[in-house]
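[1] Structural data only, the sequence is not supplied:
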C-alpha cells in the first residue's frame, strides 16, 4: 500500500513503481511471478514501461535447505537416500520458486539422474494463491462491469439531455440547414 501511495502522490516514478510491484510478485511466490509474466504480455492491460519491468520476472529462486529436500525425498520414495543412490549432490544445480533439482547416481543402474524436489508447502501455497487470484479477478470483473454500466448511463444521460436541450437542438438544426 505504501508503494501505491507513493506512486499516486507522484513521489515514485512509474518505472520505480513497476520495479517495486515486480519485486513484490517475486516475494509472493511462483503463482504471482507467472501472473506478472502474463501481465507483461498484455499491453492492453498495463503501460509499456510497466510491462517491460514485469518482463524481467524469472522463474529463478534460491534453493531450500538440503535437510528439507532429504526429508521430502525419503518420505516420497519410502527409503533412505543411501539405499537408493550411490551419490547424491546436496547443492541443487537449479532451483525455481516451485522446486529444485539435484544430481544423483542411482545405486542399481549406476546412471546419473536429476531429482526434482517440490518445495515444502508448494502445493498448498499454489492452491491458496490461485483461489486469491480468482477472487481478485472476479472483483476486477465487477469493477469493469460497473464502469461499463456507468459509461452507458452517462451516455444515456447525455443523449437525454441533448433531446431536451432546445438551444442545442436549434444550433444543430441551424447547422444542418446551413450545410444543406
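    Received, thanks. Note that the coordinates shown come from a computational prediction; the quantities given were computed from them, not determined experimentally.
[2] Quick one: end-to-end length of stretch 77-93, please.
    Terminal residues of stretch 77-93 lie 21 Å apart, using CA to CA, to the nearest Å.
[3] Now do stretch 124-135: distance to the chain's middle.
    Between the centre of stretch 124-135 and the centre of its chain there are 11 Å (CA atoms, centre = their mean, to the nearest Å).
[4] Identify the residues contacting that stretch?
    Contacts to stretch 124-135, defined as CB atoms under 8 Å, 6 or more residues apart in numbering, come from residues 28, 29, 30, 31, 32, 35, 98. (Glycine included, C-beta is placed from N, CA and C.)
[5] how about a cut-off of 10 Å?
    28, 29, 30, 31, 32, 34, 35, 97, 98, 118, 119, 121 (CB atoms under 10 Å, 6 or more residues apart in numbering).
[6] where along this protein do the helices fall?
    Using DSSP state H, the helices found in the chain span residues 2-8, 14-28, 30-40, 48-54, 66-77, 81-84, 122-164, 166-179.
[7] Could you list every helix and strand that the third one packs against?
    The one in question is helix 30-40. helix 14-28, helix 48-54, helix 122-164 (3 or more CB pairs under 10 Å, 6 or more residues apart in numbering; DSSP states H and E).
[8] Pick out the shakiest of the helices of the chain, pLDDT-wise.
    Looking at the helices of the chain, the lowest mean pLDDT belongs to helix 2-8 (a mean of 56).
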